[in-house]
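K.L.:
just to be clear, the model below is a prediction. Sequence and coordinates:
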Amino acid sequence: GGGGRALRPLMEEVEDEVDHRRSRTGSGSGSGPPLLGPADTPDTQRRHGNGGGSGGSRAVATVCVLCFINLLNYTDRFTVAGVLPDIEEYFNIGDSSSGLLQTVFISSYMVLAPVFGYLGDRYNRKWIMSCGIFFWSTMTLASSFVSQKYFWALLVTRGLVGVGEASYSTIAPTLIADLFVGDRRSRMLSVFYFAIPVGSGLGYIVGSKVNDIAEDWHWALRVTPPLGLLAVALLVLVVPEIPRGAIERRSDRELVNTSWFTDVKALSTNSSFILSSLGFTSVAFVTGSLALWAPAYLLRAQVVQGTMQPCIKRPCSSMDSLVFGIITCVSGFLGVGAGVELSKRYRRVNPRADPLVCAFGLLASAPFLFLALATAEASTVATYVFIFIGEFLLSLNWAIVADILLYVVVPTRRSTAEAFQIMMSHLLGDASSPYLIGVISDAVRRIRADSYLSEFRSLEYALMTCCFAGVLGGAAFLATAIFIERDRKLAESLTQAPSVPDDTIIVPSEEGRSVKLPVASVLI
């Protein structure tokens, strides 16, 4: 009747408003924060593997697989450091050329990280990682067949290994973030990041022991490729593709990506992200330098002490790579767990606990690293003790820094944030530090008389730069503590708070004021 005809224009306005909002939230472009997209149906949730936040067996299995791959990642990365004296003797190269092995790897790794970060925020993460792992395993195997005349080929293959590893490192932590929240996320991240020091230590151990058994450093690079194929199989069969940010949303609507330039602009204004990344760069600088040069430095120290003969014929048998690998494994395992637990307890009384614990770890490690260098000529045992304490304190940072990134950045930008943190930390950290240490060492040696003492002293002076880097990193984390609460709350509000729901419209009241009403109420 007449009432129905009078209501029809209002119903048409309601339908237009709903259609407009659905089309607006379904758009992937725009310059604002991520918008909430169409609601997931139960079928969609099952198809994407939603529900990982329940802490079920598949979620735990996923973390175990990711941890195994991360362990393999760092074992592969530091196998070269475990056989570095043999590589130097085989190719007849100096310290600066040796440092290039790590530098070219990290350089390709950091340059490709933003590319994989962009892909990881928008496409199937499981298949990106699978292709990357297969590629890095193939390149590692290829590097084990380089002959004596082609040092440049070893540099090229190590650089290509970095391309494959970038695909994994930028994406894997974001999968864990989409499975767990709060303290469970911190604990699972600590499990994931246990693999960094443990895998690094295994790299030294595997490299040195396989080299001793085979009497050829090439065989040390043939251990991880078969395990890489196993990792790909586990990744495909076990790990689900999880909706981004599903566990953190209070709405059942998916978050929608903004443009890449919008993501970069938002990250560049995120003070906590920038400052914590600078602090982590210091960690990367120190650990990258120690990872490549500590075994060689300890070998030279024992030559100066007269307890070991110089390496003039392969294999360069030494227990230093093995012992340093064990120290790295144990100190890292204890440090990562201690950092998470210390931060968790301190957070109860201070919401800025995470960056403050990171600052403490870096600032406290600097004097112990100095003592490790200063006592090497007199006592190898004392050096081992101080290295253990220094690496333990450095390892407090690993899981906490990752957790900071995940809670100050919205889910649809996390892979991009991981990528830029990797690029920054490697560009100014462990991509440049091994080569920089080698260059300083060679420069100091050129102005001194050629001797074994000169070789030792030049590397000692070069490694002193790690102490200064640790202090600068501690200052960056102290600055992070100023902004951490503001940035955390902003990220939570953008992730959890939807705008006006699709089933709500704004209608004028009789008094002329706008009132929000559900569509059903207007129709009734």
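P.N.:
Happy to help now that I have it.

K.L.:
which stretches of the stretch 151-300 of the chain form strands?
P.N.:
253-255 (DSSP state E, counting those that start in this stretch).

K.L.:
any low-confidence regions in it?
P.N.:
Applying pLDDT under 70 to the stretch 151-300 of the chain flags residues 245-257.

K.L.:
starting from the lowest-mean-pLDDT helix or strand in the chain, tell me the next helix or strand along the chain.
P.N.:
Least confident helix or strand of the chain, by mean pLDDT, DSSP states H and E, is helix 42-48 with a mean of 37. For helix 42-48, the succeeding helix or strand toward the C-terminus, using DSSP states H and E, is helix 57-82.

K.L.:
can you give me the angle the next helix or strand after that next one makes with helix 57-82?
P.N.:
Per DSSP H and E, helix 57-82 leads on to helix 84-91 as the next helix or strand towards the C-terminus. Between helix 84-91 and helix 57-82, the angle comes out at 50 degrees (axes from the mean of the first three to the mean of the last three C-alpha atoms, to 10 degrees).

K.L.:
so what secondary structure elements neighbour helix 84-91?
P.N.:
helix 95-120, helix 151-169, helix 271-305 (3 or more C-beta pairs under 8 Å, 6 or more residues apart in numbering; DSSP states H and E). (C-beta placed from N, C-alpha, C; glycine too.)

K.L.:
indicate which one of these is closest to Y204.
P.N.:
Closest to Y204 of the helices and strands packed on helix 84-91 is helix 271-305 (C-beta to C-beta; 6.8 Å).

K.L.:
now do the buried residues in the next helix or strand after the closest one.
P.N.:
Of the helices and strands lying after helix 271-305 in sequence (DSSP H and E), the nearest is helix 320-346. The neighbour-count check on helix 320-346 (16 or more other C-beta atoms under 10 Å) flags 320-340, 342-344, 346 as buried.

K.L.:
using CSV, write out the CA atom coordinates for the one helix or strand A142 maps to.
P.N.:
Here A142 sits within helix 125-143, counting by DSSP H and E. Taking C-alpha atoms only, helix 125-143 is exported to CSV below (Å, rounded to 0.1, in the frame of the first residue of the first chain):
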residue,chain,number,x,y,z
ARG,A,125,53.4,-18.2,1.8
LYS,A,126,53.9,-22.0,1.9
TRP,A,127,54.7,-22.3,-1.8
ILE,A,128,57.0,-19.3,-1.8
MET,A,129,59.0,-20.8,1.0
SER,A,130,59.1,-24.3,-0.6
CYS,A,131,60.6,-22.9,-3.8
GLY,A,132,63.1,-20.9,-1.9
ILE,A,133,64.3,-23.8,0.2
PHE,A,134,64.7,-26.0,-2.9
PHE,A,135,66.7,-23.3,-4.6
TRP,A,136,69.1,-22.7,-1.7
SER,A,137,69.7,-26.4,-1.3
THR,A,138,70.6,-26.7,-4.9
MET,A,139,73.0,-23.8,-4.8
THR,A,140,74.7,-25.1,-1.7
LEU,A,141,75.3,-28.4,-3.4
ALA,A,142,76.6,-26.6,-6.5
SER,A,143,79.1,-24.6,-4.3
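
K.L.:
and that helix, average pLDDT?
P.N.:
Mean pLDDT, helix 125-143: 87.

K.L.:
for that helix, name the packing helices and strands.
P.N.:
helix 57-82, helix 95-120, helix 151-169, helix 172-177, helix 224-238.

K.L.:
which residues does the shortest one contact?
P.N.:
Residues outside helix 172-177 that contact it (C-beta atoms under 8 Å, 6 or more residues apart in numbering) are 62-63, 66, 69-70, 120, 125, 129, 185, 188-189, 192, 239, 242, 244, 402, 405-406, 411, 414-415, 418.

K.L.:
could you flag which of those residues are buried?
P.N.:
Using 16+ other C-beta under 10 Å, the buried ones in the contacts of helix 172-177 are 62-63, 66, 69-70, 120, 125, 129, 185, 188-189, 192, 239, 242, 244, 402, 405-406, 411, 414-415, 418.

K.L.:
against N92, how distant is the residue positioned nearest the centre of the chain?
P.N.:
When C-alpha atoms, centre = their mean is applied to the chain, the residue found nearest the centroid is S169 (5.6 Å). From S169 across to N92, the span is 33 Å (C-beta to C-beta, to the nearest Å).

K.L.:
same thing with I128?
P.N.:
From I128 to N92 the distance is 40 Å (C-beta to C-beta).

K.L.:
between those two, which is the more surrounded one?
P.N.:
I128 (18 against 9; other C-beta atoms under 10 Å).

K.L.:
who touches stretch 76-88?
P.N.:
93-94, 98, 101-102, 105, 136, 140, 154, 158, 161, 165, 199-201, 203-208, 211, 217, 220-221, 223-224, 228, 291-292, 295-296, 299, 311, 314-316, 318, 321, 325.

K.L.:
quick one: contacts for the residue lying closest to H426 once chain neighbours are set aside?
P.N.:
Spatial nearest neighbour of H426, excluding adjacent residues (C-beta to C-beta, 6 or more residues apart in numbering): M110 at 3.8 Å. Contacts for M110 were tallied using C-beta under 8 Å, 6+ apart; they are G162, A166, I422, M423, S425, H426, L427, A431.
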